[in-house]
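> Dropping the sequence and predicted coords here.
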Amino acid sequence: MLPSGNNISFRFTDGDLRTFSINGSEIIQRIYFAVRDETWLNIEPSLHNLTSVVEGSTTIYSYDLLFQEKAINFTTHIVIRIDTHTGSLQIEASGEALSDFRKNRIGLCLHLNASLKGSRCDVIHTDGSSSSVELPILVSPHQPILNIRQMKLRTGHLTSEFIFEGDIFEMEDQRNWTDASYKIYSTPLALPFPVAVKKGDRFHQKISVTTSVETDAPTQTESLYGSMRPLPFPKLGTLIPENFSFEAFNGPAGNVAFPFSYLRIDFRLYRNGWEEKAKEHALLAREKQISIYAILYFSDRYEEEMADFCTFVYTFRLHDHIAWAALLSSTDFVLSGSILEKLVPKLRSTLPNVKAGAGTDANFAQLNRNRPSAEDLDFICYSIQPQEHASDKLSIIENIKGGFDTVRTAQSFADTRPVHISSLSIFRRFNANVDKICPDNSMERYRFAAGNLEAGWFIGVLNDLILAGTEAITAIFYPLHDSPLLELFRKFANRPPEFLLADGSTMPTTYSLLSWQSKGRQYTVAANLTNKEIFISHAELNLQLKPYEIKYVDH
C-alpha cells in the first residue's frame with residue numbers, strides 16, 4: 001500500500017494504457033493487447049463496448065477488442081483495474097479465435113521506459129528458480145530476461161512487483177528497433193513460429209502490478225543536456241526517390257541550393273541494367289559538385305559485381321566524387337567478414353580516398369545480431385525508423401529517445417570506427433522480417449509526410465544522434481518543396497552548423513529542440529509535438545508554440 005498523499009496518474013485512450021506513474025515517476029510506459037500476423041505486422045483492433053466505473057479508490061475499464069484483417073478474425077475482452085490507494089494495477093484478457101489463421105504473437109505486452117536502463121530486476125522464473133539482473137545499458141542483441149513468472153523492479157524511491165499469468169513471458173530490448181523501451185511479451189521467441197490458430201481457440205492472460213515507496217532509496221537522474229558544450233555536427237545527406245526529380249529539393253522556382261552535403265546513390269549490382277539507374281544520379285551529383293555516398297549491394301557473385309562497379313567508376317570519372325561506400329548484402333542483412341576481406345581492398349584500389357564501411361540498411365537489430373568485423377572498415381551503418389512496432393503519434397514521439405543508445409552500442413563494437421545512419425525516416429521503408437533490403441527507392445505519400453510532426457520528430461532525433469557522436473546521417477523523406485522538414489535542412493544549409501550545442505528538450509514527449517552555432521551566432525529550432533498550445537521556458541528561451549508549431553530563433 002502506498003503512503004497517503006501519493007499521486008497516481010495514467011493515460012487511457014482506445015484500450016491503450018500509457019504512462020502509468022506515481023509521483024511523476026513512470027512505472028509502465030505502455031500496456032496493451034497485441035495480435036501480430038505471420039510477417040510480424042501488427043493488426044490494428046477496433047474498440048467495442050467500453051465501460052468505465054469507479055468503485056471507491058478503484059477505476060475499472062472493461063471493453064472488447066476486435067482484430068480483423070484478411071484471414072485474421074480474433075476478439076478479446078479486457079478488464080483493467082487501477083487502485084489509486086494501493087498503487088496496484090491489474091489487466092486481464094480473455095480472447096477467442098473466430099477464424100483459422102496463422103500468428104506470430106497473441107497476448108499482452110508491457111513496456112518499460114528505456115530511461116530505466118541499469119535498474120535492478122529480481123526475477124522468479126517459470127521453473128521456480130530466481131536471478132537478479134540489470135536492465136541493459138547498451139542495447140542487448142537478444143532477450144535479457146527469459147521465462148518470467150514474477151519480477152521486482154526497483155527505480156529510485158519505488159519498488160514495483162509484476163506477476164505474469166497465462167503464458168510464458170520474456171523481455172526484449174526494443175531499442176534494437178529504436179523503440180525507447182524494454183518490452184515484456186508472451187510466448188518465447190525460441191518456440192517455432194508462425195503458429196496455426198484454429199477457430200474456437202481460447203486465450204487467457206493476466207498481469208498484476210503492485211508498487212511501494214521506499215523513503216530511504218536514492219533517486220537517480222541522468223541528463224544529456226544543459227551543458228551547452230559544442231559537439232561536432234554530422235554530414236547530412238539524402239537520396240532522390242525514384243519517382244521524384246532532383247528539382248524537388250530546389251523549391252518551386254528551382255533556384256535554391258541543394259541543402260545536403262552528399263547524395264546517397266544505391267548501386268544494385270545484382271540487377272541487370274543497374275548502370276542506367278545509377279548513372280543519372282551519379283552524373284547529377286558530379287555536375288552539382290556534391291559528394292556521393294554509394295550503397296553497394298552484392299549477391300553471391302560479389303567479385304564480378306565489384307569489378308563491374310569499378311568499371312563504372314572509371315567510365316564516368318567518379319573517382320573524386322565518391323566519398324563513402326557502404327558494402328551491403330542483397331541476400332543477407334550483413335556481409336560476412338570473409339567477403340569484406342576480398343571486396344574492401346579491390347574498392348580501395350579503384351578509389352584510394354574512399355571511406356569504406358559495412359552494416360545494414362535494415363534496423364539496428366540486424367546489425368546488433370550480425371556484427372561485422374570492423375578491422376578493415378572506416379565506418380559501420382544501419383537505419384532508423386520509429387514504426388517497427390506501433391504507428392500512433394505517441395509511440396513515434398516516445399521513440400525519439402531510442403536512437404542515442406543504438407549509436408553508443410554500435411560504437412562499443414565498432415572499435416572506435418564512426419557510426420553512420422544509412423537511412424533516417426519517420427516511415428518504415430520496408431519490412432525487414434520479410435525482405436533483406438528495400439525493394440526500390442520509389443516513394444509514395446506516407447502518414448505524416450511533409451507535416452510538422454515529421455519535422456518535429458527529426459529535430460529531436462537529430463539532436464540525440466549528434467549527442468551520441470554520429471558522423472553521417474542520410475535523411476529520407478517525401479521531398480515536397482513546402483515540406484517543413486525540407487525547410488529545416490535549408491536552414492542548416494543557409495546557416496552551416498559549425499557544431500551542435502549540447503542542449504535539448506527537458507520534456508521530450510512534449511517538444512523537441514536543437515541548437516547549433518554558425519559563424520559565431522547561435523540558432524535554435526523548437527517543435528511542439530502535441531495537439532495543444534504549450535509554453536517553453538528553456539535556458540534563455542521563452543516560446544509559445546501552437547499545436548505542432550515549429551519556430552526558429554536567432555540568438
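Arrived safely, thanks for sending.
> going forward, measure contacts and count neighbours with C-alpha atoms only.
Noted.
> how about the helices in the chain?
Ranges of helices within the chain are 274-288, 302-315, 337-350, 364-368, 393-398, 403-413, 452-468, 484-494, based on DSSP state H.
> C-alpha coordinates for stretch 102-118, CSV please?
Extracted C-alpha coordinates of stretch 102-118, given in CSV (Å, rounded to 0.1, in the frame of the first residue of the first chain):
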residue,chain,number,x,y,z
ARG,A,102,-1.5,-18.0,-38.6
LYS,A,103,0.0,-15.8,-35.9
ASN,A,104,3.4,-14.9,-34.6
ARG,A,105,2.1,-13.4,-31.4
ILE,A,106,-1.1,-13.0,-29.5
GLY,A,107,-1.2,-11.5,-26.0
LEU,A,108,-0.5,-8.8,-23.5
CYS,A,109,2.6,-6.6,-23.9
LEU,A,110,4.1,-4.3,-21.3
HIS,A,111,6.7,-1.6,-22.0
LEU,A,112,9.2,-0.2,-19.5
ASN,A,113,10.8,3.1,-20.4
ALA,A,114,14.4,2.8,-21.7
SER,A,115,15.3,5.5,-19.2
LEU,A,116,15.3,2.7,-16.6
LYS,A,117,18.5,1.2,-18.0
GLY,A,118,20.7,-0.1,-15.3
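> Give me the mean pLDDT for that stretch.
Averaged across stretch 102-118, pLDDT comes to 96.
> any idea how far that stretch is from the chain center?
In terms of Cα atoms, centre = their mean, to the nearest Å, the gap separating the centre of stretch 102-118 from the centre of its chain is 14 Å.
> Equivalent analysis for stretch 470-479, please.
The answer for stretch 470-479 is 14 Å, by Cα atoms, centre = their mean.
> Output that stretch as PDB, nothing but the C-alphas.
The C-alpha coordinates for stretch 470-479 follow below in PDB (Å, rounded to 0.1, in the frame of the first residue of the first chain):
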ATOM      1  CA  THR A 470      27.100  10.100 -35.200                       C
ATOM      2  CA  GLU A 471      29.300  11.000 -38.200                       C
ATOM      3  CA  ALA A 472      26.900  11.000 -41.100                       C
ATOM      4  CA  ILE A 473      23.100  10.800 -41.400                       C
ATOM      5  CA  THR A 474      21.000  10.200 -44.500                       C
ATOM      6  CA  ALA A 475      17.600  11.700 -44.300                       C
ATOM      7  CA  ILE A 476      14.900  10.000 -46.400                       C
ATOM      8  CA  PHE A 477      11.600  11.800 -46.700                       C
ATOM      9  CA  TYR A 478       8.800  12.900 -49.100                       C
ATOM     10  CA  PRO A 479      10.500  16.000 -50.800                       C
END
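> Mind listing residues that contact that stretch?
233-239, 244, 248-249, 264, 407, 418-426, 443-445, 449-450, 486 (Cα atoms under 8 Å, 6 or more residues apart in numbering).
> Check stretch 140-154 too.
119-126, 135-136, 159-165, 168-173, 176, 188, 365, 368-369.
> try 6 Å this time
121-126, 159-164, 168-173, 368-369 (Cα atoms under 6 Å, 6 or more residues apart in numbering).
> Report the buried members of those residues.
With burial judged by 16 or more other Cα atoms under 10 Å, the buried subset of the contacts of stretch 140-154 is 121-126, 159-164, 168-173, 368.
> Compute the number of surrounding residues for Thr416.
By other Cα atoms under 10 Å, the residues close to Thr416 number 12.
> next one: the one 10 residues further on
Applying other Cα under 10 Å, we find 25 other residues in the vicinity of Ile426.
> now it: how far from Tyr478?
Using Cα to Cα, to the nearest Å, Ile426 is found at 10 Å from Tyr478.
> Looking at the buried ones among the contacts of stretch 140-154, which are in strands?
If you go by DSSP state E, the buried ones among the contacts of stretch 140-154 have 121-125, 159-164, 169-173 in strands.
> between those residues, which is nearest Asn531?
Distance to Asn531 across these (Cα to Cα) is lowest for Asp173, with 29.8 Å.
> wait, isn't the closest one in contact with Tyr182?
Yes: here Asp173 reaches Tyr182: they are 4.8 Å apart, a contact under Cα atoms under 6 Å.
> Please name the bridge partners of the residue nearest to Ser88 when sequence neighbours are not counted.
Using Cα to Cα, 6 or more residues apart in numbering and skipping residues adjacent in sequence, the residue nearest Ser88 is Thr210, 4.3 Å away. Here Thr210 sits in beta bridges with Glu161, as judged by DSSP bridges.
> what does Thr59 give?
Note on Thr59: beta-bridge partners by DSSP bridges are Val54, Ile82.
> Contact partners for it?
53, 81-82 are the contacts of Thr59 under Cα under 6 Å, 6+ apart.
> Distance check, it against Phe20.
According to Cα to Cα, Thr59 stands 13 Å off from Phe20.
> now Glu38
Glu38 is 31 Å from Phe20, where distance means Cα to Cα.
> Could you list the low-confidence segments of this structure?
For the chain, the stretches with pLDDT under 70 are 1-6, 215-228, 251-256.
> nearest residue to the residue nearest to the spatial centre of it other than its sequence neighbours?
Compute the mean C-alpha point of the chain, and by Cα atoms, centre = their mean the closest residue is Thr178, 2.8 Å away. In this structure, Thr178 finds its nearest non-sequential neighbour in Gly402, 4.3 Å apart by Cα to Cα, 6+ apart.
> So that neighbour sits against Ser181, correct?
No: judged on Cα under 6 Å, Gly402 makes no contact with Ser181 at a distance of 7.6 Å.
> those strands in the stretch 101-250 of the chain, which residues are they?
Using DSSP state E, counting those that start in this stretch, the strands of the stretch 101-250 of the chain run over 101-113, 120-125, 130-134, 145-155, 158-165, 169-173, 181-186, 195-197, 202-213, 230-232, 235-238.
> Quick one, which of those strands gets closest to Ala294.
Ala294 sits nearest to strand 235-238 of all the strands of the stretch 101-250 of the chain, at 11.5 Å, using Cα to Cα.
> and of the helices of the chain, who's closest to Leu65?
Nearest of these (Cα to Cα): helix 393-398, 19.5 Å.
> Can you list the buried residues in the closest one?
Here helix 393-398 shows 395-398 as buried, counting by 16+ other Cα under 10 Å.
> Domains in this structure, by residue range?
8-213, 230-554 (automatic domain parsing).
> give the contact list for Trp516.
497, 499-501, 522-523.
> Tally up the residues packed near the closest residue to Phe74 other than its chain neighbours, please.
Setting aside the residues directly before and after it, Phe74 is nearest to Ala97 in space (Cα to Cα, 6+ apart), at 4.5 Å. Residues lying near Ala97 (other Cα under 10 Å) number 19.
> I'd say Ala97 and Val197 touch.
No: in terms of Cα under 6 Å, Ala97 does not count as a neighbour of Val197; the distance is 7.2 Å.
> Which two among the contacts of Trp516 are spaced furthest apart?
Longest span within the contacts of Trp516, Cα to Cα: Phe499 and Tyr523, 10.9 Å.
> For burial, what's the neighbour tally of the nearest residue to Thr510 once chain neighbours are set aside?
In space, and not counting its chain neighbours, Thr510 is closest to Leu529: 5.2 Å by Cα to Cα, 6+ apart. Neighbourhood size, Leu529 [other Cα under 10 Å]: 29.
> Asp64 too?
Asp64 is flanked by 21 other residues according to other Cα under 10 Å.
> wait, what's in contact with it?
47-48, 76-77.
> redo that, cut-off 10 Å
Contacts for Asp64 (Cα atoms under 10 Å, 6 or more residues apart in numbering) come out as 15, 45-51, 75-79, 93-95.
> Would you mind checking these for buried ones?
Here, 16+ other Cα under 10 Å leaves 15, 45, 75-79, 93-95 buried among the contacts of Asp64.
> Export the residues you listed to TSV and append columns for distance to Ile384.
Putting these into TSV (distance: Cα to Cα, whole Å) gives the following:
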residue	distance to Ile384
Gly15	28
Pro45	26
Thr75	33
Thr76	33
His77	35
Ile78	33
Val79	35
Ala93	33
Ser94	35
Gly95	34
